[in-house]
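Novice: Build me a model from this:
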Amino acid sequence: MSLTTLTDKVVVITGAGSGIGRALATRAARGGALLALSDWNAEGLAETVRLAEQAGATKVRHDVVDVSDRAAVQDWAAGVVEEFGRVNLVVNNAGVTLTGDFTDLTYEDLDWILGVNFHGVVHGSKEFLPHLIASGDGALVNISSLFGLVSVPGQSAYNATKYAVRGLTEALREEMLVAGHPVTVTCVHPGGIRTGISRNGRKAAGLDGASIDDLFDKKLAKMTPDRAAEIILDGALAGKARVLVGLDAHLIHHFAKLAGSRYQDVVARVTSRMPLR
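Specialist: The predicted model follows:
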């Protein structure tokens with residue numbers, strides 16, 4: 001049995017304090033879901049709760065959680081299950097960016113992005129998956145990126161985490177199929193979405209952060225978070241293995257497939273002309 005509706009279903013969302021996470025929460029609320037939301041930012045999370053309740057949510061649990069902290073996620077998951085008694089849909093959405101050439105990145109920054117982007121997904125998947133199986137109609141959704149399908153210079157650490165999310169998620173889907181568990185697993189690859197992920201991310205020393213953020217906001221981020229959330233939830237309810245979000249994600253993914261490894265040469269030439277320093 002697969003998840004086909006959000007009505008009266010318990011939906012867990014990480015990184016719900018802004019961007020795609022907030023849009024997922026409000027859309028799920030309009031769909032009749034019961035919500036369990038988390039974010040590291042208490043103020044942003046509180047605003048999402050307000051918007052979700054305004055959208056019609058009848059029950060919203062919200063917790064300030066650092067998804068890179070395994071013990072914190074374990075405690076949160078236990079509390080969610082104790083309060084709701086079940087979990088039907090989990091969206092591991094929390095994510096951050098780290099921009100800069102690999103040689104310029106610090107180990108501290110590398111540990112930070114690995115902790116949030118990859119270990120956060122590992123923690124959320126590990127803690128909630130048994131409850132998704134027990135629900136009888138579970139769905140696990142992990143947010144990768146277009147950069148989990150193609151690589152670009154200046155995003156080596158982000159690429160690494162998003163490729164890792166993709167590999168983990170696709171293997172989990174296969175394991176659920178082999179075991180015959182009633183859980184669909186979806187890997188999501190958004191392109192440029194109008195969120196604050198670039199502005200809130202970290203940049204290597206010496207980079208012009210304002211120019212990077214301006215490029216993302218004005219040139220690359222084309223789709224609204226609400227439209228992205230609609231595509232993601234539709235894909236989850238359809239049980240899709242992979243969901244590409246945005247025309248840019250579709251075009252670049254298909255170009256890379258056609259070009260093979262030579263796409264890297266094209267990307268290098270194009271990005272070398274971008275005034276990011």
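Novice: can you map out the helices along the protein?
Specialist: All helices of the chain, identified by DSSP state H, fall at 19-30, 42-54, 70-84, 107-113, 120-135, 156-179, 209-215, 225-237, 247-259, 263-271.
Novice: Check these for me: which has the lowest mean pLDDT.
Specialist: Ranked by mean pLDDT, these bottom out at helix 209-215, which scores a mean of 85.
Novice: For residue 197, see how far away the residue lying closest to residue 194 once chain neighbours are set aside is.
Specialist: Closest residue to residue 194 apart from its sequence neighbours, by C-beta to C-beta, 6 or more residues apart in numbering: residue 221 at 4.4 Å. For the C-beta atoms, the positions are set from N, CA and C on the backbone; glycine is no exception. As judged by C-beta to C-beta, to the nearest Å, residue 221 and residue 197 stand 9 Å apart.
Novice: any idea how far residue 212 is from residue 254?
Specialist: Distance of residue 212 to residue 254, computed by C-beta to C-beta: 26 Å.
Novice: So between those two, which is more surrounded?
Specialist: Using other C-beta atoms under 10 Å, the more surrounded residue of residue 212 and residue 254 is residue 212, with 22 against 11.
Novice: my guess is residue 24 meets residue 230, correct?
Specialist: No: counting by C-beta atoms under 8 Å, residue 24 does not reach residue 230; the two are 9.4 Å apart.
Novice: which one of the two has more residues nearby?
Specialist: Taking neighbours as other C-beta under 10 Å, residue 24 and residue 230 compare with residue 24 leading, 33 against 15.
Novice: check contacts around the spatially closest residue to the more buried one that is not a sequence neighbour.
Specialist: Distances taken as C-beta to C-beta, 6+ apart place residue 229 nearest to residue 24, at 4.5 Å, with adjacent residues excluded. Going by C-beta atoms under 8 Å, 6 or more residues apart in numbering, residue 229 touches 20, 23, 24, 26, 27.
Novice: Swap in 6 Å and give it another go.
Specialist: Listed by C-beta atoms under 6 Å, 6 or more residues apart in numbering, the contact partners of residue 229 are 23, 24, 27.
Novice: Compile these into TSV and extend it with columns for distance to residue 49.
Specialist: Compiled in TSV, those are given as follows (distance: C-beta to C-beta, whole Å):
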residue	distance to residue 49
23	14
24	13
27	15
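Novice: Return the closest of those residues with respect to residue 112.
Specialist: residue 24 (23.6 Å; C-beta to C-beta).
Novice: how much space between residue 62 and residue 126?
Specialist: The gap separating residue 62 from residue 126 is 22 Å, by C-beta to C-beta.
Novice: Who has more neighbours out of these two?
Specialist: Between residue 62 and residue 126, counted using other C-beta under 10 Å, residue 62 has the larger neighbour count: 19 against 14.
Novice: Look at the more buried one and report its pLDDT.
Specialist: Residue 62 is given a pLDDT of 98.
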